[in-house]
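# Give the three-dimensional model of this entry:
(2 chains)
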Amino acid sequence: MPLLFEDVSYTREQFHFTADALFEEGVHLVSGKVGSGKSTLAFIASGLVQPGAGAVRHTQIRKSLLSMQFPEYHTTGITLNEEVRSWGLDPDAILSSTRLSGRGEQDITILSRGELKRLHLGCVLSCDADLLILDEPFSALDCREKRAICRKIVERGHGTVIICTHEQTWLPPVDYIWEMRDGTLVSCGRVPAAISRWSLAPRHIKDLVERGLAPGNISPEAVMEATCRTRE
Amino acid sequence: MQDPRIRIFVIIVLSVAAFISLAGAALAFLYWICIPGRLRCIRRPAAILFLSMIVVVSGISEFTTGNGLSYFIRMTVILLLALYAYTAYVPGEFFRVSVWLFGRRGFDPGLIAEMSMEALNDLEDDSSKIRIALRQKEVPLGISTLVPVIGMFVLNQIRRAHDQADLLTVRGYRKGGTLCPEFHPKIPDYVSGIVAICILFIAIFPVRDIFILLH
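Below is the predicted model of the structure:
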C-alpha cells in the first residue's frame, strides 16, 4: 500500500514545501523542527490539502486517516459514547482500552486535553485504515500513555503509518526515518541503517551512534539494549 | 496598500459611500475590482455565509419595502470591502493604528482589537479543521453534529482566552503600555485615499447635482 509523492510542491505565503518520496508499507517516522513542514506533509499525504504542483498517489489505499495534533478538532459527539460511535466503533471496547470505562454518558467537554487525546488516539488506532497519518500523536500525553500508544502502533501490524513528531524519547519501533529540513522532505532510509544518517536524532541516540553502539531501532527498549550492550 | 492607517480609512470611507447610494456602491465596487489579489479574499467560507445572510435579508426587504435589490447591491459591496480588509490585515496593525490615533489611551483598545482579530483567525482555522474531521468520519454537518461543533468552537476560544490572560499576567500587564508605531506611506497609498474621498463625495452629491450647482 505505497503512498507516492511525485515532485510535490506546495507554497503558503513565505513557506515552501517540497517532497519526492515513496512511503512503503510499514511505520515511518518523520522528524523535524517546529515549523519545518511536518503538518503540511501530513495534510498533503492524507489528500486533504492539494499540492500546488506534482501529485500524491494512493496505491491500493482504500481508506486513509489523519489524526491532527489537537484532538478537539476531531470531536463531533456530545458524550464520550457518541464520539466513539461517530468513528463507527464500539464505545465499551474503546472506553475500556483508554481507561475511560463508566464515563460513556459524560459530556466530552469535561475531559482534559490528555484524556481527550487518549480517547481520540484510541479511536483512530482502532479504525481500519490502510494509511494512518499521526500528526504529533504524543503531545499532551504522559510517559505511560506514550508507551501505550507506541504499543498500539506496533500491534496494528498492517498498512502504512506515518508519524510526524518531534518526540525524543517515547518512540515506537519504526521501519523508515524521514526528516523535514526547511520544508524539504529528506529520506534517511530504512532502519537500522537510517539511524546513523538521522541528523535530527535525539541526543542519547546520537551519543550511542558516536560510540559505535548504534541501536537496532529507536524504541526505548532498543535504545536500552544498545546502551547496555557490551563490546566483544 | 502598505500603510494600514490609509487602508483602514479607505475601507471606512468606501463602506460609507457604498451604503449611502447605489452610485457610491458601484464606484466602490470598481475600486475593489482594481485591488490586486481581490479574488483571494472571496475564497473564504465566511464569504458564502455572510452573502447568504445578505440574500435572506434582501429577499425579506424586497417583499416588505421593495428596496431589496438596492440593499443587496450595497451590502454585497460592503461585504467585499470587509473581506478585503480582513485579508489584507497584518498582525499588529490595529495596535499601531490605535496608538497612533489615540496615543497612550489607544493601547488597550488596540490590544483588544488585535486579540479579536486573532480570535477571528482562530475561528476560521478551527472551522476548517473541524470540516476535515467531519469529512474523515463521513459525518454530514447536521443538527446533531452542530451542537458539539459549536460547543468546541466556544470551548477552544475560552481555553485560548484563558491562556492569553495567563500570559498577560505573567508579563506583568495591568493596563496600558507604550508603543512607538512607525508607518511608511507610499505615493499609491495617498492616491488610494484621495480616490476614496472622491468616491464618497460623488456618493453624497450625485454628479447631476454638481452640474446643476455649476450651472
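# from here on, contacts and neighbour counts on C-alpha atoms
OK.
# Could you look up the SS state of residue 28?
All of this is about chain A. What DSSP: H, G, I helix; E, B strand; the rest coil gives for residue A:28 is strand.
# Touching, it and residue A:159? I think so.
No. Applying CA atoms under 8 Å as the test, residue A:28 and residue A:159 come out as separate, 11.0 Å apart.
# residues near residue 46, how many?
Answering for chain A, as no chain was given. Residue A:46 has 22 neighbours, counted by other CA atoms under 10 Å in any protein chain shown.
# meant chain B, my bad for not saying
Using other CA under 10 Å, residue B:46 has 14 neighbouring residues.
# Quick check: it is in a helix.
Yes. Under three-state DSSP, residue B:46 falls within a helix.
# OK, contacts around it?
Not one residue lies near residue B:46 by CA atoms under 8 Å, 6 or more residues apart in numbering or on different chains.
# try residue B:175
Contacts for residue B:175 (CA under 8 Å, 6+ apart) come out as residue B:108.
# Quickly find the element holding the residue positioned nearest the centre of chain B.
With distances taken as CA atoms, centre = their mean, residue B:82 lies nearest the centre of chain B, 3.3 Å away. Taking DSSP states H and E as the criterion, residue B:82 maps to helix B:68-88.
# How about the very next helix or strand once past that helix, which residues are buried there?
The element immediately downstream of helix B:68-88 (helix or strand, assigned by DSSP H and E) is helix B:93-102. Buried positions in helix B:93-102, judged by neighbour count with 16 or more other CA atoms under 10 Å in any protein chain shown: B:93, B:94, B:95, B:96, B:97, B:98, B:99, B:100.
# still on that earlier bit, what's around the closest residue to the residue nearest to the centre of chain B other than its chain neighbours, how many residues?
Closest residue in space to residue B:82, ignoring its immediate chain neighbours: residue B:11 at 7.4 Å, by CA to CA, 6 or more residues apart in numbering or on different chains. Residues within reach of residue B:11, counting by other CA under 10 Å, total 20.
# what's the longest helix in chain B?
helix B:107-137 (DSSP state H).
# Establish whether that helix and chain A are in contact.
Yes. Looking at helix B:107-137 against chain A by CA under 8 Å from any CA of the partner chain, the contacts come from B:126, B:129, B:130, B:132, B:133, B:134, B:136, B:137.
# Give me the ChimeraX select line for the residues you listed, limited to the buried ones.
Burial among the residues of helix B:107-137 next to chain A is assessed by 16+ other CA under 10 Å; the matching ChimeraX selection reads:
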select /B:126,129,130,132,133,134,136
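# so which of the residues of helix B:107-137 next to chain A comes closest to residue B:185?
Nearest to residue B:185 out of the residues of helix B:107-137 next to chain A is residue B:126 (CA to CA; 34.5 Å).
# Report the contact partners of that closest one.
A:73, B:153.
# interface residues of chain B facing chain A?
With CA under 8 Å from any CA as the criterion, chain B meets chain A at residues B:126, B:129-130, B:132-134, B:136-137, B:139, B:145, B:147-149, B:152, B:155-156.
# Any stretches of chain A with poor pLDDT?
For chain A, the stretches with pLDDT under 70 are A:1, A:231-232.
# Please apply the same query to chain B.
Using pLDDT under 70, chain B drops low at B:207-215.
# tell me the domain boundaries of it?
For chain B, automatic domain parsing gives the domain ranges B:1-88+B:185-215, B:92-184.
# Check the ones you listed for me and report the most buried one.
Comparing the domains of chain B by mean neighbour count (mean count of other CA atoms under 10 Å in any protein chain shown), domain B:1-88+B:185-215 ranks first with a mean of 17.
# Can you give the contact residues for stretch A:102-115?
With CA under 8 Å, 6+ apart as the test, stretch A:102-115 has contacts from A:71, A:77-81, A:83, A:91-92, A:95, A:116, A:140-142, B:152, B:155.
# Figure out the length between the terminal residues of it.
By CA to CA, to the nearest Å, the extent of stretch A:102-115 from end to end equals 14 Å.
# What residues of that stretch count as buried?
Neighbour-count burial for stretch A:102-115, with 16+ other CA under 10 Å as criterion, is recorded at A:104, A:108, A:109, A:113, A:114, A:115.
# I'd like those laid out as CSV, including secondary structure.
Shown next, in CSV, are those (three-state DSSP):
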residue, secondary structure
A:104, coil
A:108, helix
A:109, helix
A:113, helix
A:114, helix
A:115, helix
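# What number of residues are in the vicinity of the closest residue to residue A:194 other than its chain neighbours?
Leaving aside its sequence neighbours, residue A:194 sits nearest to residue A:188 (CA to CA, 6+ apart; 4.9 Å). By other CA under 10 Å, the residues close to residue A:188 number 18.
# Tell me the spacing between residue A:188 and residue B:170.
Taking CA to CA as the measure, residue A:188 falls 42 Å from residue B:170.
# Repeat that for residue B:135.
Plainly put, residue B:135 is 40 Å away from residue B:170 if you go by CA to CA.
# what's the answer for residue A:51, then?
Applying CA to CA, the value for residue A:51 to residue B:170 is 41 Å.
# again, but for residue A:151
39 Å.
# on that earlier part again, test my guess that the residue nearest to residue B:82 contacts residue B:83.
No. Checked against CA under 8 Å, the pair residue B:11 and residue B:83 is beyond contact range at 10.2 Å.
# Let me know the angle separating the helix holding residue B:82 from helix B:107-137.
On the basis of axes from the mean of the first three to the mean of the last three CA atoms, to 10 degrees, helix B:68-88 is oriented at 100 degrees to helix B:107-137.
# for helix B:68-88, packing partners?
Helices and strands touching helix B:68-88, by 3 or more CA pairs under 8 Å, 6 or more residues apart in numbering or on different chains; DSSP states H and E, are helix B:4-20, helix B:22-33, helix B:38-42, helix B:45-64.
# how does it look with 10 Å?
Secondary-structure packing of helix B:68-88 (3 or more CA pairs under 10 Å, 6 or more residues apart in numbering or on different chains; DSSP states H and E): helix B:4-20, helix B:22-33, helix B:38-42, helix B:45-64, helix B:107-137.
# Can you lay out the ones you listed as a markdown table showing distance to residue B:70?
Below are the helices and strands packed on helix B:68-88 laid out as a markdown table (distance: least, CA to CA, whole Å):
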| stretch | distance to residue B:70 |
| --- | --- |
| helix B:4-20 | 10 |
| helix B:22-33 | 7 |
| helix B:38-42 | 21 |
| helix B:45-64 | 8 |
| helix B:107-137 | 29 |
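# do you know which of these lies nearest residue A:40?
Nearest to residue A:40 among those is helix B:107-137; the distance by CA to CA comes to 13.0 Å.
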